[in-house]
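*Asks:* quick one: sequence and predicted model below, then my questions.
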Amino acid sequence: MKEKLLSLKELAMSSLKDCANSAHLEEFRLKYLSKKGELTSVLKSLKDVAPELRPAMGQLANEIKNTLQKEFNEFQDKLKKADIAKQLNEGGLDVTLPVANDMPGHLHPITQIQREIEDIFRGMGFMVFDGPQVEDEFHNFTALNIPDWHPARDSQDTFWLNDGNLLRSHTSSVQIRAMQQFTPPLRGIAPGRVFRNEAIDASHEACFYQVEGLYIDKNISVGNLIHTMKVMLREIFKKDVEVRLRPGFFPFVEPGFELDISCLICKGKGCSVCKQSGWVELCPCGLVHPNVLKHCNIDPDIWSGFAFGLGMDRLVMMRYGIDDIRHFHSGDLRFIRQF
Ligand code: FA5
């Protein structure tokens, strides 16, 4: 058996050297490496070898198979390169031709919804603001009526940086920047990434996306806020969705509300996304607190306004019935190609 294997190897190596083109190579592959090839038939006859010799023979046969496969691959590579060089020399290969693209990329579903929201609000006369993801304490907390002793700071588990700055824990910091930059009346949204040192589960990520909304004018009321929220949700879901407004506490709004949407994953019956409640917290909101206006040198006796902070990841989850927020950053193409 051993002699048979060694002579097969020698024969195969010398016939590989004689291969001059891909047709020869294919003949070689069929003869020695394919399932019906000679090496496989030798391997099949292993059962006839004395049991004490079988392991050593099996090992030798596998080594030979691996060597032949490696040599075959290298030879095939060499031939391909020589072929390309030949075509280039003869001018038969046009390297400027576009590549066949059978797997085109597309925007992430969160980016898609962000752009839709931007369009909806631009249609209502809102500007689109941008702000830094590395923020200072003043814009993320202090100017939002959350001084350093305030327990509300603990409700957002913040990633603090060594230099005293932080990764913004909400897009509300951009409200402040907008009010500092522009004089009222003023309307704008600020979409972007935010960070919290959260325990991650089906509806909580440590890095997620919000859209802040801000409307400052004279005589702004809760009615203006509710109308704007309704228009936005109708535009996004293309139908009326069930929402509920309940009191919510945020130091930068007064009164404050939580706008919940009936869970579209379980149709309100209760699941891991809505924590069995049938409702998903989507968009806290309220009327801008006078102290916040004062921090931005806006006179609260003249101006009033509303603000909201929409969770974009959860909005996408509701729209497509996605049952786990962790899919978004999983990098799993089977998930992402569905959008
Ligand atoms: C805030 O961040 C406030 N800044 C929102 C606000 C703005 C209130 C303006 C009033 C006026 P909250 O922590 O609840 O609030 O987050 C807002 C939304 O972000 C939530 O309703 C939810 O949809 C989403 N969200 C919060 N935490 C997470 C998380 N860990 N993962 C995914 N989405 C989250």
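*Replies:* All right, it came through fine. What you are looking at is a predicted structure, and each value in this text was computed from that prediction instead of being measured.
*Asks:* what lies in contact with stretch 248-260?
*Replies:* 144-146, 150, 152, 172, 175, 222, 229, 243-247, 279-290, 292, 306-308 (C-beta atoms under 8 Å, 6 or more residues apart in numbering). For glycine as for every other residue, the C-beta is placed from the backbone atoms N, C-alpha and C.
*Asks:* how near is whatever residue of the stretch 201-339 of the chain ends up closest to the ligand to residue 103?
*Replies:* For the stretch 201-339 of the chain, the residue closest to the ligand is residue 311, as judged by C-beta to the nearest ligand atom, at 2.0 Å. Distance, residue 311 to residue 103, by C-beta to C-beta, to the nearest Å: 31 Å.
*Asks:* which of those two has more neighbours?
*Replies:* In this view residue 311 and residue 103 are compared by other C-beta atoms under 10 Å, and residue 311 has more residues nearby, 22 against 7.
*Asks:* can you pull up the bridge partners for the more buried one?
*Replies:* Bridge pairing for residue 311 (DSSP bridges) gives the partners residue 210.
*Asks:* looking at it, it is touching residue 212, isn't it?
*Replies:* No. The criterion here is C-beta atoms under 8 Å, and residue 311 misses it with residue 212 at 11.2 Å.
*Asks:* the residue nearest to residue 263 when sequence neighbours are not counted: which element?
*Replies:* Distance criterion C-beta to C-beta, 6 or more residues apart in numbering; nearest residue to residue 263, sequence neighbours excluded, is residue 274 at 3.8 Å. Element membership for residue 274, per DSSP states H and E: none, as it lies in no helix or strand.
*Asks:* residue 184 too?
*Replies:* Under the assignment here (DSSP H and E), residue 184 is part of no helix and no strand.
*Asks:* tell me, how many neighbours does it end up with?
*Replies:* A total of 18 residues lie near residue 184 under the criterion other C-beta under 10 Å.
*Asks:* ramachandran angles for it?
*Replies:* Geometry field for residue 184 lists phi and psi as phi -70, psi 160, criterion degrees, to the nearest 10.
*Asks:* low-confidence ranges, this structure, go.
*Replies:* Applying pLDDT under 70 to the predicted model, the residue ranges of the chain that meet it are 155.
*Asks:* now with 80?
*Replies:* Of all residues in the chain, those with pLDDT under 80 make up the ranges 91-93, 100-103, 151-156.
*Asks:* now do the buried residues in the helix ranked longest in it.
*Replies:* Among the segments of the chain that qualify as a helix by DSSP state H, the longest is helix 54-90. Taking 16 or more other C-beta atoms under 10 Å as the basis for neighbour counts, the residues of helix 54-90 that come out buried are 57, 61, 64-65, 68, 72, 75-76, 79.
*Asks:* and of those residues, the nearest to the ligand?
*Replies:* Taking C-beta to the nearest ligand atom as the measure, residue 76 is the one of the buried residues of helix 54-90 closest to the ligand, at 49.9 Å.
*Asks:* my read: that closest one touches residue 28, true?
*Replies:* No. Counting by C-beta under 8 Å, residue 76 stays clear of residue 28, with 9.7 Å between them.
*Asks:* quick one: the closest residue to residue 220 other than its chain neighbours and residue 215, what's the gap?
*Replies:* The spatially closest residue to residue 220, leaving aside those adjacent along the chain, is residue 304, at 4.6 Å (C-beta to C-beta, 6+ apart). Plainly put, residue 304 is 9 Å away from residue 215 if you go by C-beta to C-beta.
*Asks:* looking at the two, which is more packed in?
*Replies:* Looking at residue 304 and residue 215 with other C-beta under 10 Å, you find the greater number of neighbours at residue 215, namely 24 against 20.
*Asks:* just to be sure, that one is in a helix?
*Replies:* No. The secondary structure assignment for residue 215 gives strand rather than a helix, going by DSSP: H, G, I helix; E, B strand; the rest coil.
*Asks:* stretch 235-246 close to the ligand?
*Replies:* No. For stretch 235-246 and the ligand, the contact criterion (C-beta under 6 Å from any ligand atom) is not met; the two come no nearer than 12.2 Å.
*Asks:* can you list the residues that contact that stretch?
*Replies:* Defining contact as C-beta under 8 Å, 6+ apart, one finds that stretch 235-246 is touched by 113, 116-117, 120, 226, 229-230, 233-234, 257-262, 264, 268, 279, 282, 315, 318-319.
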